[in-house]
Structure formats: structure tokens, C-alpha cells
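**Student:** How does the following fold in three dimensions:
(chains A and B)
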Amino acid sequence: MKATKILERVLAALPIMLGVAITVFLFMRLTPGDPVDIMMGRGGAVSEGEIEKLRSEFNLDKPLYTQLGIYLKDAIHGNLGYSYIQKYPVTTLIIERLPATIELAIAALIISLVIAFPIGIASAVWQNSLLDRLSMAGSFLGISMPSFWFGIILILLFGVQLHILPVQGRIDFDAHLSIKTGFYIWDSIITGNHVALISTIKHLILPGITLGAAEAAVIARVIRSSMLEILRSDYIVLARSKGASEWRVILKHALRNALIPTVTIIGLQVGVLLGGNMIVETVFSWPGLGRMVVSAIFARDFPLVQGAVMVYAFTFVMANLIVDILYTYLNPKITF
Amino acid sequence: MDITPPITKPTLSLIHSWRIRLKLWKRSAKEFLYDLLIHPTALIGSIIVILYILAAILAPQITVHNPENGNLRNRFTPPAWEKDGTWEFPLGTDAQGRDLLTRILFGSRISLIVGGVAVGISILIGSTLGALTGYYRGKLDSIVSRFADLLLAFPFLIFAIGVMAFIGPGITNLIMALIFKGWVEFFRLVRGEMMSEKSKEYVEAAKANGMGSLSIIVKEILPNIINSVFVLGTLRIGDMIIMEASLSFLGLGIPPHIPAWGSMIASGRDYMLVAWWVSTFPGIALLILVLAINITGEGLRDILDPRLKLEG
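**Tutor:** Residues are numbered from 1 along each chain as shown, chains lettered A, B, ... in the order given. So this is what the prediction gives:
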């Protein structure tokens, strides 16, 4: 039964993804500016014949719906076109940059959870205490803070003033890491390179905090409010009256149920994480997908922008799908 | 049994009904102000927001400097309290020798205009579509709802960056890009409320009294859901302001010669080693404004719409 429900959800996500692909395609084709002109803009004098050749090579001479058909067919096969500027397949360029972006996103998520859970639980347990008030004020600050500015302040503080943490890139040049998967933490562990491991972790701290701060604030607030509601419910009173220790009640009985809204919000926050990714990668010169997109925008390298936007949107749809599926496990009462 | 005849439309003249309405508004406005007074954070927040609005309007009167032209001889003058600082430039100057405080004051115009206009038009479009589709359902509903679902598949900032990449920077383009996705949330809110209110007794009563659908929507249902829209709108202004600043920071929002906080922070980034103040102060201005808007919104939510509270 559960399997069919999950399958239903997956199938429901497919038209959305198709819609996303069509939207991105139309946006790109319907905005002014001929792609061939952009490509040739750098090449100097070009003959009419060459322009025609390029147009047919990129299928630009065909009607729009034919172009769309070709584009969708290629996309299903993992072909998102060629970058105008870098002259490589878009898919290759994106895959090359993904490990850096994923590593940073995971670091940010871990940092935010490590901050949010203890704060959220403690402020619910000691509601209205000084700790509660301070952490809720802090979370307000976290929500209202623009991440790019926070990143710059961290750089000023830890990089420029204190000189204790690196503020650019993923690793020190002298770490001599031999790259296998592109995930530097993983690579340095499997090659046993401690210097590289420490350098990678150090490089992850500031961007990770910058990206994770707003996340942590939102998640902490949700944990707090759902814990507060649950701690007042009947079954908690029952668990207490049965003689369960206070921490057992909090961690086992209450937290498990508070996880449901928390997982939802983490899923929704993936969207914020992806958007923030472009900003934070730009601030910290992080060689990931976000920074590549930003420079592609300025180079008017539209296939690359288009491919990356699609990857972002697909990730977001997938994240929400996973949240929906996780629901069934966390709360058996929920049916779709 | 005393059967009073039901009050029909003609018996209540238009003027009379408006008089009642005005009285109700006056009373609820009074209650609202009282609630605001006993809600200190909301009060402080709204006072700060009002100060920002005043500063934005009066910027040319407050400062003597030109926000767009500076004197290169004054470049990187530190804030007044630092060594070499002068009170002529209280918060120091940037790389072109322009007074930072002046640019921050003028920059608040961009933030407030973009945030206010983007949210205002989003509310207008979203509520209208939401009210119509939620009440009538039908084909329009399924088309608009599908479109809204599609837009929800894009993270907001990514969507805005994508749109700006294609249509190019500029304040009108920026506002359009934000509205393009911003209306969806208001649409979903109003549509959902409309669907649940529609089956309630007071709507049935209005129908029985011979009221037309459109006037039921506007006069009967909308007043009951306008509070939620207002609260959500306030909270979204802060988000839109951050979004505008983020886009301007990336160079995709407001063209660089116009003072906007995002691009000011970006320009200071290149001079972090010599002039920490260029990035720091516009960011603080931004942070305080968004913080004030958010605590106002949160307070308004407690006062006007306690139901929304659970959503985080």
C-alpha cells in the first residue's frame, strides 16, 4: 500500500519536472538576443554562410516546437546542450562543479542542525527563560540577516582581523590532494592525506556557517514551537505519570513527534539553501555550481544558465518529494 | 412571535451602510492601536520602519552630499570616530569618495520601493486570482493552480536570478521578476481561505438575500481574510528586500550608479582590507530594516491573525 502511494507521488512529480523544463526553455528562447550573435560576438568578422551553418547546427533555424522537442529529447538523455563560451557539454561542466556545491550544502546542513536542535529543544523545555529569549532573538537575527553580508562580516572578522580561518576556495595549494571523486573530504580520507582533510574542513567552516545560519534560525524556531505544543499534550502527561525520566520524555516521546514539522521545514529550506548557494559561493570564491552560474550569466552563456537552473529546480522538486515520502515513515497516520 | 422582516438591500441605503462600516473600522482601528501599544516589539518595529520611510523621503533634506558623485580626494575616509575620520562624513566614504551615510539614506528608497511595490502588486494579483478561482473553481482555477504549482517548483532566489539573467538589470525588471513568483503565495492563501469560507452560513445567508457572487466575494468574504493577507504581506516585504539586495549584490539587480544597499556591500568587498566600513554599514542598515519589518509582521500576526502562528 505504502509503495503505491510513494509511486503515485513520484509520478505526480513528473509533469512538474516537464513543466520546469519547458518553462526554462521558453524563457531562454523568447528573450531578445540571438544566441549565434552572442557566440560570434567574440569571434570578430564572420561570413553569412558560417552564421547559417551555426544556426542549423544548434537547430535555431527550425520552428520553436521542433526545437522544444529536440531539447526535451536531449535532456532526457542527459544532454543539456553546449556551453557557448566554454565549448564543453553543459552536463559535463555541471557534474564537474557539483561535488564542491554538495559538500558545502552538506556542511551547512550539518552546522545548522547542530545549532538548531539543542537550541530549539532547550528553549522549549525552559520556555520564557533567559536562554529561550536570547536564542529566539538570535534566531530572529538569523532570519533577517542577508547571507552575503554575514559572509563578508565573517571574512572581516576571522580572515582579515584574526587570521585564523581561510576565506577563499576549498583547499590550500600546498595540501597536495589527489582528486578522485571531487568530494575533498572523502578524497582526503581515502588517500589518507591528513593535511588536506584539515585544510578542507577549515575552508568549509566560514561558508558553511554563512549558508547554515538562516537555516539554523528557521529550524530552531520550528523545533521550539512544535516541542512546546507536544510537551503540553496528554500522552506526555501520561508518559511522565508512568514515571519516565524527564529527559526520556523529552527526547524519546516529544522529539520524535516534533520531527514531523521539522522535516517539512528542512525540505522547504532546501530551496533557500540552493538560492543561498549562489550568493555564498560568490562571496567565498567557492568553485561550485553557484559561482559558475553567476559568471555564466555575465558571459551570457545561456545554455549553461538554463541547465543549471534546471538542475536547481529538479533538486528542489526531489527534496520535496523525499520529504513527502519521509512523512509516511515518521507519521503512519498520514495518507496522501 | 415577533417576526421582524429580514433587512433587505433597499432598506439599508448605501450611505447608511457605509456609515456603519466606517464606525466599525474606527472601532477596530482603535482596538488595533491599543493592541499595538501592549505589544512592545511590534511597536518598536513599526516605529523603526516609519523612521526608515521618513529617512527615505527626506533624504535630500537630511544630507548635503550628492549620492552619485564624490570627490576622489576624499576616498576611503574612515568613519568619524576613527583616526583620520571627520564629521563631514559620519560613516566614512567609499572608493569614489562618496559619503556613505548619504548613499545609505538614498539606498533605503530602493529597498522600500522594491519591497513595497513588489509585495503590493503581488497581493493585488494573488488575491484577485485566489478569490475568483477559490469562489468559482472551474477551468480558470485548474489552469492558474497548475501554473502556481509550476512556479513553486523553483526556489525563489534561483527563479529571480534566472529571470534577471534573461531580462537584464534595472529597477522595473527587478520588481517584475519578484512579482512573477511573488503572487503565488498570496494566491494560495486567498484561494484556500475562499474555499473554506464559501460553505459557511453567512455566505449562504447573503446568497439567500439575493446578493450577487461578486459582491459576496468583495463585501462578505474578503473582509474576513484580509487580515491574513496583510500579515503575510508584511512578512514578505522583508524577504523581498533581502532578495533585491542579493540580486544587486550579484550585479543583477539595480544598476551600480544608483545607490542600493546590495551593490554598495558588493563594491566594499573589493576594499575589505583597507576600508571595512564600506560593506559593513549598508549591511547594518539592511539588517535593522528587515529585522524591524519582521518583528512588526510577527507582532501583527499575534494581533490580527493568531491562527497563522503555528506555521513558524
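**Student:** Show me the longest helix that occurs in chain A.
**Tutor:** helix A:194-231 (DSSP state H).
**Student:** Can you name the next helix or strand after that one?
**Tutor:** helix A:234-241 (DSSP states H and E).
**Student:** Next secondary structure element downstream of that following helix?
**Tutor:** helix A:246-248.
**Student:** Which other helices and strands does the helix or strand just after that following helix contact?
**Tutor:** Moving toward the C-terminus from helix A:246-248, the next helix or strand (DSSP H and E) is helix A:255-283. The contact analysis (3 or more C-beta pairs under 8 Å, 6 or more residues apart in numbering or on different chains; DSSP states H and E) places helix A:255-283 against helix A:90-125, helix A:147-154, helix A:194-231, helix A:289-298, helix A:302-330, helix B:156-167, helix B:222-250. Where you see a C-beta, it was placed from the backbone N, CA and C, and this is true even at glycine.
**Student:** Could you rerun that using 10 Å?
**Tutor:** helix A:90-125, helix A:147-154, helix A:194-231, helix A:289-298, helix A:302-330, helix B:156-167, helix B:222-250, helix B:261-269 (3 or more C-beta pairs under 10 Å, 6 or more residues apart in numbering or on different chains; DSSP states H and E).
**Student:** Helix A:234-241 and that one, what's the angle between them?
**Tutor:** Between helix A:255-283 and helix A:234-241, the angle comes out at 110 degrees (axes from the mean of the first three to the mean of the last three C-alpha atoms, to 10 degrees).
**Student:** circling back: is chain B within reach of the longest helix of chain A?
**Tutor:** Yes - using C-beta under 10 Å from any C-beta of the partner chain, we find that helix A:194-231 touches chain B at A:214, A:218-219, A:221-222, A:224-226, A:229.
**Student:** returning to what we had before: let me have the helices and strands packed on helix A:255-283 in TSV, extended by distance to B:Phe186.
**Tutor:** What follows is the helices and strands packed on helix A:255-283, written out as TSV (distance: least, C-beta to C-beta, whole Å):
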stretch	distance to B:Phe186
helix A:90-125	28
helix A:147-154	25
helix A:194-231	21
helix A:289-298	28
helix A:302-330	20
helix B:156-167	14
helix B:222-250	6
helix B:261-269	24
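**Student:** how about those, which one is nearest B:Leu291?
**Tutor:** Nearest to B:Leu291 among those is helix B:222-250 (8.1 Å), distances taken as C-beta to C-beta.
**Student:** So what's the gap between the closest one and the chain middle?
**Tutor:** Relative to the centre of its chain, helix B:222-250 is centred 4 Å away, using C-alpha atoms, centre = their mean, to the nearest Å.
**Student:** Establish whether that helix and chain A are in contact.
**Tutor:** Yes - applying C-beta under 10 Å from any C-beta, one finds helix B:222-250 in contact with chain A at B:235, B:238-239, B:241-250.
**Student:** Which of those residues ranks first by neighbour count?
**Tutor:** B:Ala245 (32 neighbours; other C-beta atoms under 10 Å in any protein chain shown).
**Student:** nearest spatial neighbour of that one, skipping sequence neighbours?
**Tutor:** B:Gly262 (3.5 Å; C-beta to C-beta, 6 or more residues apart in numbering or on different chains).
**Student:** list the contacts for the one you found?
**Tutor:** A:146, A:148-149, B:107, B:110-111, B:241-254, B:282-283, B:286 (C-beta atoms under 10 Å, 6 or more residues apart in numbering or on different chains).
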